[in-house]
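1. 3D, please:
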Amino acid sequence: MKQGLFVTFEGGEGSGKSSCLARLATRFEKEGVSFIKTREPGGTPIAEEIRNVILDKKNTKMDPRTEALLYAASRRQHLVEKIWPALKEGKLVLCDRFLDSSLAYQGVARGLGIDNVLNVNLFATEGSYPDLTLFFDLDPKIGLARIAANEQREVNRLDLEKLEFHEKVRAAFQTLMDRYPERFVKIDASKSPEEVAEAAYQAIHSRL
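-> Down below sits the predicted model:
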């Protein structure tokens with residue numbers, strides 16, 4: 001692999017993308033692939049502090065634009081400190097959420113507009129996009145039921161939103177798939193964890 005590959009894992013709450021990323025990391029490690037795994041918001045100490053503010057269940061009064069700006073700020077720090085250096089070293093970067101989450105959650109579900117949120121993020125990222133985005137598609141009712149059944153999972157401020165909010169998020173990701181067909185691959189997240197992981201692996205492997 002001569003240059004790095006930037007892969008993002010996207011989807012609604014409870015879609016299993018984080019579990020899939022962990023499975024793939026184990027597999028790539030066994031294969032000797034040079035990679036890093038990371039997440040958003042977060043990934044670096046400063047970005048993780050911003051994450052704590054964004055996802056804190058006490059911060060119910062957070063304005064949607066404040067939320068969008070905090071995500072963009074966290075993303076900028078993450079890129080500068082971690083993602084760009086790894087890509088420069090030729091590594092595979094596996095990132096749990098990135099730009100498209102902001103476009104779906106704040107742009108559509110919060111009603112700020114995809115292009116408004118995109119413009120803020122293009123400033124933050126200097127126009128950077130992932131090379132490949134895996135969209136883990138799942139009925140939000142199933143995703144929320146998974147969260148409710150998993151006592152070990154962190155419940156954050158976004159999990160507390162009503163079903164309608166999560167349905168808007170799913171529809172937004174479908175819109176983004178149509179907008180960026182060259183980098184999006186849809187994964188059927190209703191299948192078994194093994195089948196989901198294999199589909200994701202094949203999508204990434206084909207780009208390496």
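
2. For the closest residue in space to Ile36 that isn't next to it in sequence, what is the enclosing helix or strand?
-> Nearest non-adjacent residue to Ile36, counting by Cβ to Cβ, 6 or more residues apart in numbering: Ala86, 4.9 Å away. The C-beta positions use only the backbone N, C-alpha and C, and glycine is treated the same way. For Ala86, the host element (DSSP states H and E) is helix 84-88.

3. Go ahead and name everything in contact with that helix.
-> Contacts with helix 84-88, where a contact means Cβ atoms under 8 Å, 6 or more residues apart in numbering, come from 3-6, 36, 93, 128.

4. sorry, back to before: read off the pLDDT value for the residue nearest to Ile36.
-> pLDDT recorded at Ala86 is 98.

5. any idea how far Glu49 is from Ala73?
-> According to Cβ to Cβ, to the nearest Å, Ala73 stands 11 Å off from Glu49.

6. Looking at those two, which one has more neighbours?
-> Set side by side, Ala73 and Glu49 show more neighbours around Ala73, with 17 against 13, by other Cβ atoms under 10 Å.

7. could you list every residue that touches the closest residue to the more buried one other than its chain neighbours?
-> Among residues not flanking Ala73 along the chain, Ile50 sits closest, at 6.0 Å (Cβ to Cβ, 6+ apart). The neighbours of Ile50, taking Cβ under 8 Å, 6+ apart as the test, are 41-42, 70, 73-74, 77.

8. Can you tell me which of these is closest to Arg23?
-> The shortest gap between Arg23 and any of the contacts of Ile50 belongs to Gly42, at 20.0 Å (Cβ to Cβ).

9. Surely the closest one is within a strand?
-> No - read with DSSP: H, G, I helix; E, B strand; the rest coil, Gly42 is coil and lies in no strand.

10. wait, it sits on His78?
-> Yes - between Gly42 and His78 a contact is recorded at 7.3 Å, counting by Cβ atoms under 8 Å.
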